[in-house]
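Chemist: Would you be able to build a 3D model of this:
(one chain, ligands or ions: 2)
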Amino acid sequence: MISLKSKREIEIMRQAGEILKLVFKQVEPAVQAGVTTNDLDAIAEETIRKAKGEPAFKGYRGFPKTACISVNEEVVHGIPGPRKLKAGDVVSFDIGAKVNGYYADSARTWVVGKVSDKIARLAAAARGSLLEGLSAYKPGCRIGDLSEKIQQYIEGQGFQVVRDYVGHGIGRAIHEEPAVPNYGKAGQGLKIQPGLVLAIEPMVTEGHYGVETLEDGWTVVTRDRKWASHYEDTIAFTEDGYMNLTGESI
Ligand code: MG
Ligand code: MG
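Modeler: Ligands and ions are numbered 1, 2, ... in the order given. So this is what the prediction gives:
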């Protein structure tokens, strides 16, 4: 079932989104060689709790931490731990917060120190594709109109789009209908109506888009172990356009 949100509900979700923006502001400068993914997770949890939000992922289906932190060939759902980041790593940081019963969900990819040109482009491609997808939005358009643009952008950069994980509706649950694929064709999928709130989250691979889950039951890696990037914002569609609840508006 698709649930459309009222202005009041979107306002609460905006508050949850503001907390995530604050988390990124605190965590990004800490992403340096020598820091552990546990350290980054601790900053995230403290920031969310101080702002009177709740971490959305901690305890979700047994996930043990506040953030999903995925390094290099890890695509999504990496579990923070004692691993130390080193120069040249690509780090995707995915975080959710709950405020007054409503969720926001967002992810960023950062690089540690100097990386090759190709890896810099990979890291930037997920964000670029999301902005490109949103640029296709017009009142009355369909999810597939955005999906096609996202896919075209990523493939135009010489990268591939993950198929097995997709974006989603969001609201009183972290994952709601509909699914929001990062690939597809214009004209397909649900018509985007005012009140629809979507977490759009392209996952980009340097090599083949096939992925698998490690034995920890969470960490999703590329099958060919080439590297990946991920970017996500929670977007509320309104009568006049859309509001990016977790990031920059264009
Ligand atoms: Mg997320
Ligand atoms: Mg999500």
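
Chemist: quick one: contacts for Ala97?
Modeler: By Cβ atoms under 8 Å, 6 or more residues apart in numbering, Ala97 lies in contact with 16-17, 19-20, 23, 48, 51, 53-56, 103-104. Any C-beta I mention is one placed from the backbone N, CA and C, and that applies to glycine too.

Chemist: interface residues of the protein facing ligand 1?
Modeler: Within the chain, the positions near ligand 1 by Cβ under 5 Å from the ion are Asp94, Asp105, Ala107, Glu232.

Chemist: Quickly list what the first one is bridged to.
Modeler: Pointing back at Asp94 there. Following DSSP bridges, Asp94 is listed with bridge partners Cys68, Ala107.

Chemist: Kindly tell me how buried it is, as a neighbour count.
Modeler: Other residues near Asp94 come to 21 when the count uses other Cβ atoms under 10 Å.

Chemist: tell me the pLDDT at it?
Modeler: pLDDT for Asp94: 98.

Chemist: try the second one
Modeler: In this prediction, Asp105 carries a pLDDT score of 98.

Chemist: one step back: let me know the closest of the contacts of Ala97 to Val111.
Modeler: Comparing the contacts of Ala97 against Val111 with Cβ to Cβ places Val23 closest, at 18.5 Å.

Chemist: Check which helix or strand the closest one maps to.
Modeler: For Val23, the host element (DSSP states H and E) is helix 7-27.

Chemist: Return the alpha-carbon coordinates of the next helix or strand after that helix using PDB.
Modeler: Once helix 7-27 ends, the next helix or strand along the chain (criterion: DSSP H and E) is helix 37-50. The C-alpha trace of helix 37-50 is given here as PDB (Å, rounded to 0.1, in the frame of the first residue of the first chain):
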ATOM      1  CA  THR A  37      34.400   2.600  11.400                       C
ATOM      2  CA  ASN A  38      33.300   2.100  15.000                       C
ATOM      3  CA  ASP A  39      34.500   5.600  15.800                       C
ATOM      4  CA  LEU A  40      32.400   7.000  13.000                       C
ATOM      5  CA  ASP A  41      29.400   5.000  14.200                       C
ATOM      6  CA  ALA A  42      29.800   6.400  17.700                       C
ATOM      7  CA  ILE A  43      29.800  10.000  16.400                       C
ATOM      8  CA  ALA A  44      26.600   9.300  14.500                       C
ATOM      9  CA  GLU A  45      24.800   7.700  17.500                       C
ATOM     10  CA  GLU A  46      25.800  10.500  19.800                       C
ATOM     11  CA  THR A  47      24.700  13.200  17.300                       C
ATOM     12  CA  ILE A  48      21.300  11.500  16.800                       C
ATOM     13  CA  ARG A  49      20.600  11.000  20.500                       C
ATOM     14  CA  LYS A  50      21.700  14.600  21.400                       C
END
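
Chemist: Could you point out the helix or strand that follows helix 37-50?
Modeler: Assigned by DSSP H and E, the successor of helix 37-50 is strand 54-55.

Chemist: No more questions from me, cheers.
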